[in-house]
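Undergrad: quick check, what structure comes out for this input:
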Amino acid sequence: MIRSTIDIGTNTILLLIAEYKNGSVYPIVDIQRVPRLGKGVDANRNIMPESIAKAVEILSEYKELSLKRGSTGITATATSFIRDSANKSEFIDTIFNKTGIKIEILSGDDEARNTFIGGVYDKVHEAGSRLTTIDIGGGSTEVTTGIIDDLSLKDISVTGKSLNIGSVRLNEKFLKEHPPAPARLVEAETFINEHLAYLDFDISGTSLIGVAGTVTTLGAIKLGLTSFDASKVDGLEVTLAEINEIFEKLIPLPIEKLYEMGDYMTGRADIVIPGILILKCFMEKFGFDKVTISTKGLRYGVFLRDAA
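TA: Predicted coordinates for the structure are as follows:
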């Protein structure tokens, strides 16, 4: 069975077309566009008309590609920027009327659960593993923890929370200038730690897996890549010491130098520092000394949910 899953995020829109066979996912197409649909949502609570037009264009392209690749169904999910927007009904109706694609708005809990499953499904090799995933998005950060008693991931029990801190939100609120002023970095760090205090479940002693653009970009920087290569980044471990070193290296660079680092900085150069700051604060607060990168995440979790 071939299906498509579209993840409509604050910063990116991702498409997975894959075949589900014998309990495994076999990707056929796994691509993304970076239209930053959630630009300005935190300030005015409305999805801008140009963002809606971009979404229509990209989703039309994804639908056409899905049909060409033999997809029998498309699931499109949306996350925090649509949950928080005042005109989400207009957005959803316009997308459906223009493309025929129905959008499912995931709750923070559903987003966290599906991100966890998508992030860990090919990283777990023994029953009893205790794992925590962190998904640093543009509008929110999902932290989820669970014990993998069954390697098939059926009937898995997880605990998660969605926090209103994301790389785009943080950039618009504190870190619009590049390089950022030291005082603004301190304000951003204080803001992050205030939100991290809302995590009210135990994640001590778990292994950390990071998903989404911040951690995959971090992996590409560690490897010195100029062109993103998921096969090299997926499964890579990055230590907190390495994260601190990369963070300090990026801080003084003008935005032009960030763009020059590689193709993975397109649409991300101005939010990579806020994203890394969230990860850094999280790891320091909860005692993680390393993170394993997953290039999978929400779209894979939703695919497994629908295909099972």
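Undergrad: could you use CA atoms for every contact and neighbour count after this?
TA: OK.
Undergrad: Gly160: what's it in contact with?
TA: By C-alpha atoms under 8 Å, 6 or more residues apart in numbering, the contact list for Gly160 reads Asp109, Ala112, Arg113, Glu142, Val143, Thr144, Thr145.
Undergrad: change it to 7 Å
TA: Asp109, Ala112, Arg113, Val143, Thr144, Thr145 (C-alpha atoms under 7 Å, 6 or more residues apart in numbering).
Undergrad: can I assume Ala188 sits in a helix?
TA: Yes - secondary structure of Ala188 (DSSP: H, G, I helix; E, B strand; the rest coil): part of a helix.
Undergrad: report how many residues lie close to it.
TA: Look at Ala188: counted by other C-alpha atoms under 10 Å, it has 20 neighbours.
Undergrad: now the residue sitting nearest the centre point of the chain. Nearest residue, chain neighbours left out?
TA: The chain has Ala212 as the residue nearest its centroid, 3.2 Å off, counting by C-alpha atoms, centre = their mean. Spatial nearest neighbour of Ala212, chain neighbours left out: Asp135 (5.8 Å); criterion: C-alpha to C-alpha, 6 or more residues apart in numbering.
Undergrad: so where do the helices sit in this structure?
TA: Applying DSSP state H to the chain gives helices spanning 41-44, 49-68, 80-83, 88-99, 108-120, 167-173, 182-196, 213-223, 230-233, 240-250, 255-259, 272-286, 298-307.
Undergrad: export the fifth one as PDB, just CAs?
TA: The reference is to helix 108-120. Extracted in PDB, the C-alpha atoms of helix 108-120 (Å, rounded to 0.1, in the frame of the first residue of the first chain):
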ATOM      1  CA  GLY A 108      -0.500  19.200  20.900                       C
ATOM      2  CA  ASP A 109      -0.800  15.800  22.500                       C
ATOM      3  CA  ASP A 110      -1.400  14.100  19.100                       C
ATOM      4  CA  GLU A 111       1.400  15.900  17.500                       C
ATOM      5  CA  ALA A 112       3.800  14.900  20.300                       C
ATOM      6  CA  ARG A 113       2.700  11.200  20.200                       C
ATOM      7  CA  ASN A 114       3.000  10.900  16.400                       C
ATOM      8  CA  THR A 115       6.300  12.700  16.400                       C
ATOM      9  CA  PHE A 116       7.600  10.300  19.000                       C
ATOM     10  CA  ILE A 117       6.600   7.200  17.100                       C
ATOM     11  CA  GLY A 118       7.900   8.600  13.800                       C
ATOM     12  CA  GLY A 119      11.200   9.700  15.400                       C
ATOM     13  CA  VAL A 120      11.900   6.400  17.200                       C
END
